[in-house]
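1. quick one, fold the following:
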Amino acid sequence: AVNKQAAVTAGLMPLAECEVVIVHTQPQGGEARLRGEQDMMVKLSPILNTTLYTAVAGPALASKLLYLCLKHYTLASTTVTGIPMKEEQNASSSANYDVELFHLGES
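-> Numbering: from 1, shown residues only. The predicted structure follows:
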């Protein structure tokens, strides 16, 4: 009803699609207490989808959020390895570094 009203009201725009993503975090060593489907999209209506993700706090949560960003924006990751860089403290030597780049997935 709200979407139909928005379609005929000046200044409002109807929703074509709405995706609700919930990330449940739990402490390290904690027991998972969620029941139900996880990491699976559930279609609640023609325009409303929801997905529940679970991640352990810490590095696993950072990885999950990075995954969600890459997925949402259709990005891909490329790692360039062995880039030599001079150290400020010791200008006569250099260390090799790896750099992760994010780009459009079609590239």
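2. in the protein, where's the longest helix?
-> Ranked by residue count under DSSP state H, the longest helix found in the chain is helix 59-72.
3. give me the next element, helix or strand, following that helix.
-> strand 75-86 (DSSP states H and E).
4. for that following strand, what is the average pLDDT?
-> Computed over strand 75-86, the mean pLDDT rounds to 91.
5. would you mind confirming that residue 26 makes contact with residue 58?
-> No. If you go by Cβ atoms under 8 Å, residue 26 and residue 58 don't touch, sitting 10.5 Å apart. To be clear about C-beta, it is placed using only N, CA and C from the backbone, and glycine gets the same treatment.
6. compare neighbour counts for those two and give me the winner.
-> residue 26 (16 against 11; other Cβ atoms under 10 Å).
7. could you pull up the residues touching that one?
-> Residue 26 makes contacts with 32-33, 54-57, as judged by Cβ atoms under 8 Å, 6 or more residues apart in numbering.
8. what about it, distance to residue 94?
-> 42 Å (Cβ to Cβ, to the nearest Å).
9. likewise residue 48?
-> 53 Å.
10. could you report the pLDDT at residue 96?
-> 90.
11. look up which residues are beta-bridged to it.
-> Residues in a beta bridge with residue 96, per DSSP bridges, are residue 84.
12. neighbours around it, how many?
-> For residue 96, the neighbour count with other Cβ under 10 Å is 9.
13. so it sits against residue 86, correct?
-> No. Residue 96 is not in contact with residue 86 according to Cβ under 8 Å; the separation is 11.3 Å.
14. and residue 83, how far is that from residue 12?
-> Distance from residue 83 to residue 12, by Cβ to Cβ: 50 Å.
15. can you check residue 65 too?
-> Distance of residue 65 to residue 12, given as Cβ to Cβ: 32 Å.
16. do the same with residue 70
-> Residue 70 is 32 Å from residue 12, by Cβ to Cβ.
17. check residue 24 too.
-> Taking Cβ to Cβ, one finds residue 24 at 33 Å from residue 12.
18. what do you get for residue 28?
-> Distance, residue 28 to residue 12, by Cβ to Cβ: 45 Å.
19. who's the residue nearest to residue 102 when sequence neighbours are not counted bridged to?
-> Nearest non-adjacent residue to residue 102, counting by Cβ to Cβ, 6 or more residues apart in numbering: residue 75, 4.9 Å away. Counting by DSSP bridges, residue 75 forms beta bridges with residue 104.
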